[in-house]
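A.B. asks: Next come a sequence and a model predicted from it.
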Amino acid sequence: MAIPSSFTPRPSVDHPAYNCPIAELKAALTALKTDYPLLMDITAIDHGVEANPRFEVVYHLFSLSTHQYLRVASLCAPSPTPSAPSVVDLWPTANWHEREVYDLMGIHFEGHPQLRRI
């Protein structure tokens with residue numbers, strides 16, 4: 001499995017973890033889909049009202065062939081409305097995860113088929 005060139009290592013005590021620029025996130029996750037066919041979770045980090053950018057999305061992927069997890073994090077672009085690209089077309093289960101992050105953190109997922117509160 002090749003790690004996308006846009007990734008930089010991220011400190012982690014349990015699983016391999018990387019940061020990815022938000023502009024390259026969708027392409028990077030698309031490239032990982034073959035080796036990591038399971039999206040286990042999407043969550044977000046609120047770095048506080050003084051932080052810029054304030055929000056970060058985090059994707060937890062799992063490989064069926066190596067039985068390894070991979071964590072990918074991306075800072076949302078600083079704006080009045082934080083956003084990230086939707087990955088529902090890659091992993092249908094992202095539908096619920098993205099709606100949950102939207103409901104709890106207010107992050108908009110661009111291209112989500114029906115983004116609404118849970």
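C.D. replies: On my side now, so go ahead.

A.B. asks: can we go C-alpha only for contacts and neighbour counts from here?
C.D. replies: Noted.

A.B. asks: Can you list phi and psi of the residue nearest to Asp35 when sequence neighbours are not counted for me?
C.D. replies: The shortest distance from Asp35 to any non-neighbouring residue, by Cα to Cα, 6 or more residues apart in numbering, is to Ser63 (5.9 Å). Per-residue torsions, Ser63: phi -100, psi 130 (degrees, to the nearest 10).

A.B. asks: How many residues are close by Ser63?
C.D. replies: By the measure other Cα atoms under 10 Å, the count of residues near Ser63 is 17.

A.B. asks: Leu25 too?
C.D. replies: Leu25 has 23 neighbours, counted by other Cα under 10 Å.

A.B. asks: can I assume it is in contact with Leu75?
C.D. replies: No - the pair Leu25 / Leu75 is not scored as a contact, 9.9 Å apart, by Cα atoms under 8 Å.

A.B. asks: Pull out the buried residues from stretch 25-39.
C.D. replies: Neighbour counts over stretch 25-39 (16 or more other Cα atoms under 10 Å) mark 25-26, 28-29, 32-33, 36, 38-39 as buried.

A.B. asks: from the residues you listed, which ones fall inside strands?
C.D. replies: Among those, the ones falling in strands (DSSP state E) are 38-39.

A.B. asks: For the buried residues of stretch 25-39, work out which two are farthest apart.
C.D. replies: In those, two members sit farther apart than any others by Cα to Cα. They are Leu25 and Leu38, at 16.6 Å.

A.B. asks: could the buried residues of stretch 25-39 be laid out in CSV, adding distance to His108?
C.D. replies: What follows is the buried residues of stretch 25-39, written out as CSV (distance: Cα to Cα, whole Å):
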residue, distance to His108
Leu25, 15
Lys26, 14
Ala28, 19
Leu29, 18
Leu32, 22
Lys33, 22
Tyr36, 24
Leu38, 22
Leu39, 19
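
A.B. asks: so which of the buried residues of stretch 25-39 comes closest to Pro80?
C.D. replies: Leu25 (20.1 Å).

A.B. asks: OK, contacts around that closest one?
C.D. replies: Going by Cα atoms under 8 Å, 6 or more residues apart in numbering, Leu25 touches 74, 85.
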